[in-house]
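# Fold the following.
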Amino acid sequence: MQSALNVIFIIAGLGMIASVLLQSSKSAGLSGGITGGAQSFFGKKKGIDDLLSKLTVIFAVLFMVLAIVLTSFH
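Numbers count the residues shown, from 1 in each chain. Model (predicted):
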């Protein structure tokens with residue numbers, strides 16, 4: 001069981017990192033590098049930013065809960 005929780009913990013951490021890096025900011029960050037100039041040509045979709053912010057919260061809560069649970073096993 002602890003192995004499965006460790007795997008989920010790692011996935012939650014990587015998911016949180018990816019969702020934070022893909023969010024747009026004033027300087028466009030990593031998402032501007034990935035999408036290139038098409039984003040400025042077609043316009044920014046607000047739905048993607050909302051989805052990424054919700055995913056960030058979900059991954060962060062999952063990460064914190066799993067960190068507490070895995071710590072209690074030791």
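
# The lowest-mean-pLDDT helix or strand in the chain: what's the following helix or strand?
Across the helices and strands of the chain, mean pLDDT, DSSP states H and E gives its lowest value to helix 38-42, namely a mean of 53. Next helix or strand after helix 38-42 toward the C-terminus (DSSP states H and E): helix 46-72.

# what comes up buried for that following helix?
52, 55-56, 59-60, 62-63, 66 (16 or more other Cβ atoms under 10 Å). Glycine gets a C-beta too; all of them are placed from N, C-alpha and C.

# Okay, now the unreliable bits of this protein?
Scanning the chain with the threshold set as pLDDT under 70 gives 26-45.

# Please give the element, helix or strand, for the residue nearest the centre of the chain.
With distances taken as Cα atoms, centre = their mean, residue 19 lies nearest the centre of the chain, 2.4 Å away. Taking DSSP H and E as the definition, residue 19 sits inside helix 2-22.

# quick one on the thing from earlier: for residue 4, state which of the buried residues of helix 46-72 is nearest.
Among the buried residues of helix 46-72, residue 66 lies closest to residue 4 (Cβ to Cβ), at 10.6 Å.
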